[in-house]
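Asks: Quick check, what structure comes out for this input:
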Amino acid sequence: MPAPAAHAPAHVPADTRNRPRNRPRNRSRARGRRAAVAAALCAAVALGATACGPFSGAAPKAKPSGPFGELTGAQIVDKAIATTKAATSLRTEFDFKSTDGPMKGHLASDVRGRCSGTLTAGTTGTADVLRPAATPADKSVYLRFDEALLKEQAKGESAEVREAVLRQLKGRWVKTDSSDADAKDLLRMCDLETLLADFEQDTRGTVKGAETTVEGKKALMLTLDYQGGEKDTFYVATEGKPYLLRVVSTGGKEPGAISFSHYDQPVAAKTPPKKDVVDEKSFG
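Replies: Numbers count the residues shown, from 1 in each chain. From the prediction side, this is the model:
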């Protein structure tokens, strides 16, 4: 019976790479936002003033209201991104649509390189990813594909090969190396720098909105509009550390949302039992 060798999905399927990549920003939008920034500044001055006319000089200056006081919308978002990047661990949950199809999942990761979660791309199936640690001595990454994804990868092969793939890999983890091109591509989803890079490119023009709640946590909503109808809505925690709680993107080619939670909590990413692991090297 032929071994699944080259036919086994030892690497990350192409469909699982439809991650929410950094959306290209139009740098000319900064110029387009100048009018909005000027309008927001005028509005802030108007709201902060307590008197006008000949007696304005004698009137006490009102303190800015709101959870972040005098900080501008851009300053609040920048502060939230910096605070989020400084966390020792967190969990992300995302749901995006792109030209390549829908992408959703959840991942928990920490500064030690541990990562654990599930990714679903399109309608082809689901892949679990597990990295117990990222050290020079151990660069192992474990991937587990559901039956639907295994069948998709074995499509076009003989019945004997399809049966062998399912028998050997169903419910088991495929062990590979984090330096592997496909695994490395997938692990970018565990990198907070990658996830936040798009949002921190240019936050000028961000407008403060109403106070609200996200999963029971108090938050301030802020919005940033771009040319072409794309808009990012940020939800920043107003109690405790000013973490990002959620970012919602509308318009554009990749609308969707990403939520952040479980800050500074342990990441459950233990090495699977040997009986449940198939080493990629055994495929020949």
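
Asks: quick one: the nearest residue to Thr206 once chain neighbours are set aside and Thr250, what's the gap?
Replies: Take Thr206 and drop its neighbours on the chain: the residue closest to it by C-beta to C-beta, 6 or more residues apart in numbering is Gly73, 3.4 Å away. Where you see a C-beta, it was placed from the backbone N, CA and C, and this is true even at glycine. Separation of Gly73 from Thr250 (C-beta to C-beta, to the nearest Å): 17 Å.

Asks: which of the two has more neighbours?
Replies: Legend: neighbour count by other C-beta atoms under 10 Å for Gly73 and Thr250, higher for Gly73 (23 against 14).

Asks: what about the stretch 1-150 of the chain, any weak spots by pLDDT?
Replies: 1-65, 134, 136-137 (pLDDT under 70).

Asks: Would you map the helices across it?
Replies: 29-32, 34-48, 73-85, 147-153 (DSSP state H, counting those that start in this stretch).

Asks: Now the terminal residues of stretch 190-208, how far apart.
Replies: Using C-alpha to C-alpha, to the nearest Å, the end-to-end distance of stretch 190-208 comes to 29 Å.

Asks: Oops, could you answer that again for stretch 239-259 instead?
Replies: 17 Å.

Asks: And the average pLDDT for that stretch is what?
Replies: For stretch 239-259, mean pLDDT rounds to 94.

Asks: For it, which residues meet the burial criterion?
Replies: Going by neighbour count (16 or more other C-beta atoms under 10 Å), the buried part of stretch 239-259 is 242-249, 252, 254-259.

Asks: And stretch 84-104, by the same measure?
Replies: Applying 16+ other C-beta under 10 Å to stretch 84-104 flags 84, 87, 89-98, 103-104 as buried.

Asks: next one: stretch 277-284
Replies: Counting neighbours by 16+ other C-beta under 10 Å, the buried set in stretch 277-284 is 277-278, 280.

Asks: Closest one of these to Arg112?
Replies: Using C-beta to C-beta, Val277 comes nearest to Arg112 of those, at 21.2 Å.

Asks: show me the contacts for Ser109.
Replies: 89-90, 92, 115-117, 190-192, 267 (C-beta atoms under 8 Å, 6 or more residues apart in numbering).

Asks: between those, which is closest to Ser158?
Replies: Distances from Ser158 to the contacts of Ser109, taken by C-beta to C-beta, are shortest for Gly117, at 33.5 Å.

Asks: what about the nearest residue to that closest one once chain neighbours are set aside, distance to Ser116?
Replies: Leaving aside its chain neighbours, Gly117 sits nearest to Leu107 (3.3 Å; criterion: C-beta to C-beta, 6+ apart). As judged by C-beta to C-beta, Leu107 and Ser116 stand 7 Å apart.

Asks: Same question for Ala108.
Replies: For Ala108, the distance to Ser116 - C-beta to C-beta - is 5 Å.

Asks: Show me the common contact partners of these two, please.
Replies: 267-269.

Asks: And those residues, which of them are buried?
Replies: Buried among the shared contacts of Ala108 and Ser116 by 16+ other C-beta under 10 Å: 267, 269.

Asks: Include secondary structure and distance to Ala154 when you put the shared contacts of Ala108 and Ser116 into JSON lines, please.
Replies: Output for the shared contacts of Ala108 and Ser116, formatted as JSON lines (DSSP: H, G, I helix; E, B strand; the rest coil; distance: C-beta to C-beta, whole Å):
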{"residue": "Val267", "secondary structure": "coil", "distance to Ala154": "32"}
{"residue": "Ala268", "secondary structure": "coil", "distance to Ala154": "31"}
{"residue": "Ala269", "secondary structure": "coil", "distance to Ala154": "28"}
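
Asks: Format the shared contacts of Ala108 and Ser116 as a markdown table; extra columns: pLDDT and distance to Phe234.
Replies: As requested, the shared contacts of Ala108 and Ser116 are exported to a markdown table (pLDDT from 0 to 100; distance: C-beta to C-beta, whole Å):
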| residue | pLDDT | distance to Phe234 |
| --- | --- | --- |
| Val267 | 93 | 25 |
| Ala268 | 90 | 28 |
| Ala269 | 91 | 28 |
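
Asks: which one among the shared contacts of Ala108 and Ser116 gets closest to Asp177?
Replies: For those, the nearest to Asp177 is Ala269 (16.3 Å; C-beta to C-beta).

Asks: Hmm, that closest one is touching Ser140, no?
Replies: No: using C-beta atoms under 8 Å as the test, Ala269 is too far from Ser140 to be in contact (11.1 Å).

Asks: Quick check: neighbours shared by these two?
Replies: Contacts common to Ala269 and Ser140, judged by C-beta under 8 Å, 6+ apart, are 131-132.

Asks: This completes my enquiry, with thanks.
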